[in-house]
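Participant: Quick one, structure for this:
(3 chains)
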Amino acid sequence: MSRTVWIIIGVVVAVAVVVGIVVVATDGGEISESGAGQPSPVATDVSGTVSVMAVWSGDEQASFQAVIDGFNELYPNVNVEYTGAGDQLPTVLSTAVQGGSPPSVAAVAQPGLMRDFVNQGVLKPLDFASDVINENYSPSTIEVGTVDDTLYGLLFKGANKSTVWYNVPAFEDAGVTPPTTWDELLQGAETLNASGVKAYSIGGADGWTLTDLFENIYLRTAGPDLYDQLTAHDIPWTDDSVTTALEAMAQVLGDTGNIAGGTSGALQTDFPKSVSQVFSDPPAAAMVFEGDFVQGEILNSTDAEPETGFNQFAFPAINDSPPSVVGGGDMIIAFDDDPATQAFVQYLATPEASEIWASRGGFSSPNTKVDTSVYPDSIAQATAEALANAEVFRFDMSDLAPSAFGGTVGQGEWKILQDFLQDPSDVQGTQRALERAAAQAYGQ
Amino acid sequence: MTDSSITAEPPNQGAPPTADEAGADPGRRRRFLVALGFLAPALVFLGVWIVYPTVYTVVRSFYDRSGDAFVGLDNYGTLFTTDILLTAIRNNAIWVLVVPAVVTAIGLVFGVLTERIRWSVAFKTAVFMPMAISMFAAGVIWHIMYTQDPSQGTINAAVRVVSDAVNPPGVLSGAAPSGDDLRGSAAQGYRLQGELKAGEVAHLGLTRIPASEVKDGVQAVVPATVEGGITGVVWRDFKPGGGGTAGEVEDGEVGIPGVTLRLTDASGAEVATATSGADGVFTFPDVGDASYRLGIASETFRESYGGVSWLGPRLITPAIIIAYIWVWAGFAMVVIAAGLAAIPRDVLEAARTDGATEWQVFRRVTAPLLAPVLSVVFITMIINVLKVFDIVLSVAPPSVQDDANVIALAMWRTSFGGVNDFGLGSAIAVFLFLLVIPVLLLNVRRFRREA
Amino acid sequence: MATVAGHPETPLIEPVDRGEGLGHSIVRALSHAPLTILLAFIGVMWLVPTLGLFFTSLLPASVISSEGWWTIFSTPSNATLENYRNIFSDEAITSALLTTVWISIGSTILPIIVAALAAYAFAWMDFPGRDWLFIGVIAMIVVPIQMALIPIFSLYDRVHLFDTLAGLILFHTAFGLPLAIFLLRNFFVGIPGELLEAARIDGASEIRIFTRLILPLSWPAIASLAIFQFLWTWNDLIVALSLARSTQPITVAIFTQLRQFGANIEIIAPAAFLSLTIPLVVFFAFQRYFVQGLLAGSVK
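Facilitator: Residues are numbered from 1 along each chain as shown, chains lettered A, B, ... in the order given. As a prediction, this is how the structure comes out:
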């Protein structure tokens, strides 16, 4: 009897082997239809297919499609296939790379993810587009996409995260004018509260809103050099500079009577809600700290009008810090370098490509050659100019960190800052927790 | 081993000869090939898509995150020392303890009760419908149910209707005193520090009152003293821009109408109440010679019901379990109802004629006959619950996914959700598989018993 | 009793009562009133969550962001079909719906054919190792789907099944098989052996017995299985999310609308509601088959 059991098992194994052989037989090795690495002259008779994967969905996807249409006017024979993956992009992309089938081009928001891919050796350097990129982008932007002196990423869609959005009537009722310094901000917050509206709306359910707030404070209290060191984890999170920044942050988070919904409410508030509740009637709060993309959310989910209903001011200076911008954005990375992909990436680096999207709204271009008059309104123009002209520009620290520390829901910096929101008095404990998580994630 | 020891053999007379009898049968080989022909497609599918990945995953679980280095049992060590995974294991235990029992019980109750109503099809349809809804859509649905803000979340809105009817919110919810002389809290009400006597004027300055609530406000006035009485003013002590002096009625500061003021004597007993007018002025005429205290009752400041944070870290697992029961109760009900319908009526009737009560009939006759069906439901639910994944992913907001974590979700998040540790992820998958093995043995035993 | 309860099916409730007076049955009906009210209440409660999604899907984004779905009952109502209009003009969503239909149909038919063949062999053929093999199949019922994602992903990439309808259908087929084989085998075993024996004596081949005898007799079990399999594949998220990219079913299409920078509820709510209408139609059309297959083998 047991012999026959083995026969059955044998059959199954044999089938598996046959399948395996088929697999091996059809495996054509590395896909290399394009003379890989050969810089080919870009011409309009380029043909081929470029698959693109990015987070953009909805309106953003429509805008990017308009950019693709602009590209196809120049290169009618290139077929660009776009796939939106939403916030699942890192997951979907990692799986695709793990399985050996990445798209030609992807737009990722996390330089850390790009670095991972570089280390895995799956990314192609953007040398073929370096001329057009160097011409159009500032060194600090290019630096973000550079790993070990090689350019792998193009910051195509920028985000100015150093903005604060406020309810204009609420500020007017309270007689508060947009603050330019941290002390004015705190003072104004108190006045707003006395006028009957909570000052702050905190989207604490999303950890990244808290990291953005921390980074804005830290860049101003500690300065860009320490910011870079902390980003690289060259200084520990228990450093005094972090203490200073967290204490400043606690001045906001600890003012619990002045936060919409109080501490527990803030922890339950996700980003969209943190925006919409500032512009509802009556407003739950007067202002919300977040980037230029807040405008899209306001226009989409509230009835507030630009300038009369909502407006923004730059994140205030702390101790006379210079105009500083913490930025984020989506970086174009290439897994292929066939002529069609090269042509597409080069096109994206041109001001024309950025202007197509910029004119449609919801887009801040780090491209310095973009004509800022194409932005659809003065608010978008102001945030985009602040991004392009910042004296100090630094990329979002948590996006530069290993994703286990700076980009994963429910752990690392996101989670620890949520705990800090829960109990803003425990600065030391927060620092120790951050340091522990960072040490683990940075592999030290 | 012969077939007779674990006869899966159907109880029929004309069965083909068993394998051992067929030892010398020249047709045996042919029959084997025919059987193989019927089985082959299934074996290919199971081999390639289930057996091979399972083996792969087991092997992978002994390697590090990149898959290059053999690490032995390290991943399993991590599994049992990481807080997040321990939470997942604990939550899964809660799920297994609660859900199969509750779902089976609800299914049984519904199944029995629907036997007694005429419109049982309508009821069953309503309860069974969620089965057709994807876990993902169920997540969207329950987000709408659970939102904390009572003006948006269905459950909290319903609770607010009741809560606000019992404890109506005050006219000045959220207001606070502008100076130090008003002491107390919103919950206890505020009271002026000093004592008042006839002929004095009280200033009760309040702040944190939204401009929209005093839109048509009238300039506050400091009333004149009244012989033998106490007068005063309640006003919004706020000047735009934050200037002005606290406690002083200034130009542009408006009176608050409709505030109930309470005058108490030395013993704390209420002597009189008054209500402020449009300019905030109130009067207690003829109070006599004694000293009094003046305050505003807490009802004035009572806030509207704020809602339970169902999706907060403490309630998230129960909240998701409720959503899950909502989905699966219909399944249990329909299966159990079918089982009930299959119980022969004459057996029940015989028991009743013998004078058994309904409860005795249920316990002695219905329950034993229903046991196999109940165990089908129960075991199906255990398997489902051990693998529960997408409803947790879609109901739990990102900030509490750690608190709501379950093993299958931990496996997915570890492998794909940012950590990208396929070694640890594989170990979690293997651990999950080990957990379902007892259920599997149960299933196999049942199969052997039945066969 | 019979005069009050017009339905011939209902007297089964408590036949002991039969023959007692009209007054008694009225008393009984009244004593049922609390039960009726209770069940009506529960039934309505069970519908509220789904209705909430439906009404949400009819409201403009600016309303949903600050108010609940019940504001749809305010006058004048702010209900609008605009969200649905946008959904249907969104090619990503409509093509995803179509993709889902193809995936679900393929992943329903294929596993049932394969499973029926195997179940027949397990039920009515004798070959060495049959029971052990069958136990192996039962064991596979509990293998978590997540276990297969990574290995199958790399396999698919090599054989060019990644991001194809076929790849998804084959995956769903394989993972639908164990339960399908288990249930169908249990059903097949219940078919009277004399029928098969008679056919065999008449010299009918096994494949002929299978197609002409077994399949027609098993229609109820197959139908119920088909419904379950259809619902599973229709509602799948994780497989398509991992093994496809542009071949998106509706769940993935909705899921990828989720962005941290926006609520997109005006897209998610109508799309989610749309995604559950088709399974509901299937469910209502075939609900009477639902249980039969599941119970085959466990209740005899």
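Participant: From B:Asp354, how far out is the residue nearest to A:Thr308 when sequence neighbours are not counted?
Facilitator: Counting by CB to CB, 6 or more residues apart in numbering or on different chains, A:Val168 is the residue found nearest to A:Thr308 once chain neighbours are left out, at 6.2 Å. Using the backbone N, CA and C atoms, a C-beta is placed for each residue, glycine as well. With distances taken as CB to CB, to the nearest Å, A:Val168 is found 82 Å from B:Asp354.
Participant: More neighbours: those two, which one.
Facilitator: Regarding A:Val168 and B:Asp354, a neighbour count based on other CB atoms under 10 Å in any protein chain shown identifies A:Val168 as having more, with 18 against 9.
Participant: surely the residue nearest to A:Thr308 meets A:Gln312?
Facilitator: No: counting by CB atoms under 8 Å, A:Val168 stays clear of A:Gln312, with 10.3 Å between them.
Participant: and residue 439, what does it touch?
Facilitator: No chain specified, so I'll use chain A. Counting by CB atoms under 8 Å, 6 or more residues apart in numbering or on different chains, A:Ala439 touches A:His233.
Participant: you looked at the wrong chain, it should be chain B
Facilitator: By CB under 8 Å, 6+ apart, the neighbours of B:Val439 are B:379, B:382-383, B:386, C:142.
Participant: Wait, a helix at it?
Facilitator: Yes: looking at B:Val439 with DSSP: H, G, I helix; E, B strand; the rest coil, it is inside a helix.
Participant: which residue ranges form the strands in chain B?
Facilitator: Assigned strands in chain B, in chain order: B:176-177, B:182-185, B:189-192, B:201-207, B:230-236, B:260-264, B:270-275, B:281-284, B:293-296 (criterion: DSSP state E).
Participant: And the spatially most central residue of chain B, how close does it get to B:Val55?
Facilitator: When CA atoms, centre = their mean is applied to chain B, the residue found nearest the centroid is B:Ala319 (0.9 Å). B:Ala319 sits 38 Å away from B:Val55, going by CB to CB.
Participant: picking that back up, quick one: which of the contacts of B:Val439 is nearest to A:Pro366?
Facilitator: Nearest to A:Pro366, judged by CB to CB, of those is B:Leu386 at 48.3 Å.
Participant: residues contacting the closest residue to that closest one other than its chain neighbours?
Facilitator: Using CB to CB, 6+ apart and skipping the chain neighbours, the partner closest in space to B:Leu386 is B:Val436 (5.3 Å). B:Val436 makes contacts with B:383, B:386-387, C:142, C:144, as judged by CB under 8 Å, 6+ apart.
Participant: Mind putting the strands of chain B into JSON lines with mean neighbour count, mean pLDDT and distance to C:Ser154?
Facilitator: Compiled in JSON lines, the strands of chain B are given as follows (neighbours: other CB atoms under 10 Å in any protein chain shown; pLDDT from 0 to 100; distance: least, CB to CB, whole Å):
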{"stretch": "strand B:176-177", "mean neighbour count": "20", "mean pLDDT": "85", "distance to C:Ser154": "63"}
{"stretch": "strand B:182-185", "mean neighbour count": "15", "mean pLDDT": "82", "distance to C:Ser154": "63"}
{"stretch": "strand B:189-192", "mean neighbour count": "20", "mean pLDDT": "86", "distance to C:Ser154": "69"}
{"stretch": "strand B:201-207", "mean neighbour count": "21", "mean pLDDT": "89", "distance to C:Ser154": "65"}
{"stretch": "strand B:230-236", "mean neighbour count": "26", "mean pLDDT": "91", "distance to C:Ser154": "68"}
{"stretch": "strand B:260-264", "mean neighbour count": "18", "mean pLDDT": "88", "distance to C:Ser154": "73"}
{"stretch": "strand B:270-275", "mean neighbour count": "14", "mean pLDDT": "88", "distance to C:Ser154": "77"}
{"stretch": "strand B:281-284", "mean neighbour count": "21", "mean pLDDT": "91", "distance to C:Ser154": "80"}
{"stretch": "strand B:293-296", "mean neighbour count": "22", "mean pLDDT": "89", "distance to C:Ser154": "71"}
